[in-house]
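1. got a sequence here, can you model it:
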Amino acid sequence: MPELALYSDRLFMAAVGVYVLAMVLHAAEFAAVRSAKAVLVGAGGSDHDGAAARPRSERFARMAVSLTVLGAVLHAGSIILRGLAAQRWPLGNMYEFTSAVCLAAVVAWLVMLRRSPASRSVGPFVLLPVVVLLFLAGTVLYARAAPVQPALQSYWLVIHVTTITISSGLLLVPGVASILFLLRRSGRLPAGLARLLPSSDVLDRLAYRTTIIAFPLFTFAVIAGAIWAEAAWGRFWGWDPKETVAFVSWVIYAAYLHARATAGWRAARAAWINVAGFATVLFNLFFINMVVAGLHSYAGLG
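-> From the prediction side, this is the model:
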């Protein structure tokens, strides 16, 4: 159905545009907050002037969040139409997989934002990697809607790839939060930006709570992948490069959750482990899929 594929591509491009506009509004929010602070502390400033600037930043922030929601709706529509156009589950190549990972990250961010409004200023830092990955998906990784290879025509594609997609998208949020946590604690952020970000405690809780949700899904995805491997290749585990890196990622995230609950490791040390886990997930999703030859190379999947 070429018409549906065309509409899917247009919704994809619209979603990317909306995400970029949301980032611009977040930047306007930051600028308004800084302006308000400058008015309050500057010579001749008044509380009334600062109070006027703060609602302006609130409007920018609410518009940015609303646009992020709109972008997620358009993004989801793109993925649904892609599946209808190809007449299969829309996770059959790296373009579709990357798009779905980014949607999972955006939805996870919106859910966490609803639970923790104080973390709103993390939004543009979540959207930045999402926009970069979507740009790569729409250019370098783009593939036309078509049936998948016979080896992928299995219900395990729905089970394994969907769970690895959702968990990978979820893990993007704590990865970003832990990076910001480390930068904030190290004092390497500009003073103005550091004041606009949530406190270290908020960033730490955001990373931990999201990982707590993502880790069981990631565990299930690894197990489901092993079961599919036994059905497809006659063995549960063969230390294929993708399997090996997935196992390394699982060990690192298990270590992070353990460290986060251990006295003396709850702050910077645990955050470094979380960042290392996020790095291995990205490495597995892209470098292993696109560069390293293995049993998963034909699939281009997670």
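
2. can you show me the CA trace of stretch 196-208 as PDB?
-> Extracted C-alpha coordinates of stretch 196-208, given in PDB (Å, rounded to 0.1, in the frame of the first residue of the first chain):
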ATOM      1  CA  LEU A 196      17.800  25.700  35.500                       C
ATOM      2  CA  LEU A 197      18.200  21.900  35.900                       C
ATOM      3  CA  PRO A 198      16.600  19.800  38.600                       C
ATOM      4  CA  SER A 199      18.600  19.100  41.700                       C
ATOM      5  CA  SER A 200      21.000  16.100  41.800                       C
ATOM      6  CA  ASP A 201      18.500  14.200  44.000                       C
ATOM      7  CA  VAL A 202      15.700  14.600  41.400                       C
ATOM      8  CA  LEU A 203      18.000  13.500  38.500                       C
ATOM      9  CA  ASP A 204      19.100  10.500  40.600                       C
ATOM     10  CA  ARG A 205      15.600   9.400  41.400                       C
ATOM     11  CA  LEU A 206      14.500   9.900  37.700                       C
ATOM     12  CA  ALA A 207      17.400   7.600  36.600                       C
ATOM     13  CA  TYR A 208      16.700   5.000  39.200                       C
END
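
3. distance between that stretch and the chain's centre?
-> Stretch 196-208 sits 17 Å away from the centroid of its parent chain (Cα atoms, centre = their mean, to the nearest Å).

4. now the element after the host helix or strand of Leu81, going C-ward?
-> In this structure, Leu81 sits in helix 47-86 according to DSSP states H and E. Next along the chain after helix 47-86, taking DSSP H and E as the criterion, comes helix 94-115.

5. for that following helix, list every residue counted as buried.
-> Going by neighbour count (16 or more other Cβ atoms under 10 Å), the buried part of helix 94-115 is 94-109, 112-113. (Glycine included, C-beta is placed from N, CA and C.)

6. quick check: mean pLDDT of the helix or strand just after that helix?
-> Following helix 94-115 in sequence order, the next helix or strand is helix 123-138 (DSSP H and E). Averaged across helix 123-138, pLDDT comes to 93.

7. now do stretch 242-251
-> When pLDDT is averaged along stretch 242-251, the result is 90.

8. next: stretch 76-96.
-> Averaged across stretch 76-96, pLDDT comes to 92.

9. and it, how far apart are its ends?
-> Its start and end residues considered, stretch 76-96 measures 11 Å (Cα to Cα, to the nearest Å).

10. other residues contacting it?
-> Applying Cβ atoms under 8 Å, 6 or more residues apart in numbering, the contact partners of stretch 76-96 are 1-2, 4-5, 7-9, 11-12, 15, 97, 99-100, 103, 137-138, 141-143, 145-148, 152-153, 157-158, 161-162, 165, 289-290, 300-301.
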